[in-house]
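[1] model the structure of this input:
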Amino acid sequence: MTAGLLLAIGAMLSVSALFDAYAGHPGDTAEYLCVVDHPLPDGVELPINEYNEGSRVEGRWTLWPLGRECTWHSTVSDGTLTYQVGGWEPTWQIVGGTLAMGFGTFIALALRRSATYTRSP
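    This next block holds a predicted model:
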């Protein structure tokens, strides 16, 4: 029972983190979300004279940390501004879920093995 519970909790943690990071935006590319969302932290603004509507924006999905990375290229200099969206919370959620599933599998296998050895004719 403990092993099954660990497997279920681990799977739920992992699936919910993946959904939050990727599946919550079906069909949208990371670049599109960077342009539309402007995912900068509260209180941080793009300098209007350097990063304006004509700025080239690049976006890509990331696995470590889980989420996406947005990069704005300056229109007046060679500068860039990169910001990570998503962060460490969903990443650690996936790591914890994977560890819980692994530990649950280990317990299930250990219990099965001990049950096999105790059954003697």
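[2] for the one helix or strand residue 95 maps to, name the packing helices and strands.
    Secondary-structure assignment from DSSP states H and E places residue 95 in helix 88-118. Contact analysis of helix 88-118 by 3 or more CB pairs under 8 Å, 6 or more residues apart in numbering; DSSP states H and E lists helix 2-18, strand 66-73 as its packing neighbours. Using the backbone N, CA and C atoms, a C-beta is placed for each residue, glycine as well.
[3] if we use 6 Å, what do you get?
    Helix 88-118 is packed against helix 2-18, with contacts defined by 3 or more CB pairs under 6 Å, 6 or more residues apart in numbering; DSSP states H and E.
[4] the nearest residue to residue 2 once chain neighbours are set aside and residue 97, how far apart?
    Beyond its immediate neighbours in the sequence, the residue positioned closest to residue 2 (CB to CB, 6 or more residues apart in numbering) is residue 107, lying 6.0 Å away. According to CB to CB, to the nearest Å, residue 107 stands 16 Å off from residue 97.
[5] looking at those two, which one has more neighbours?
    Between residue 107 and residue 97, residue 97 has the larger neighbour count (other CB atoms under 10 Å), namely 21 against 17.
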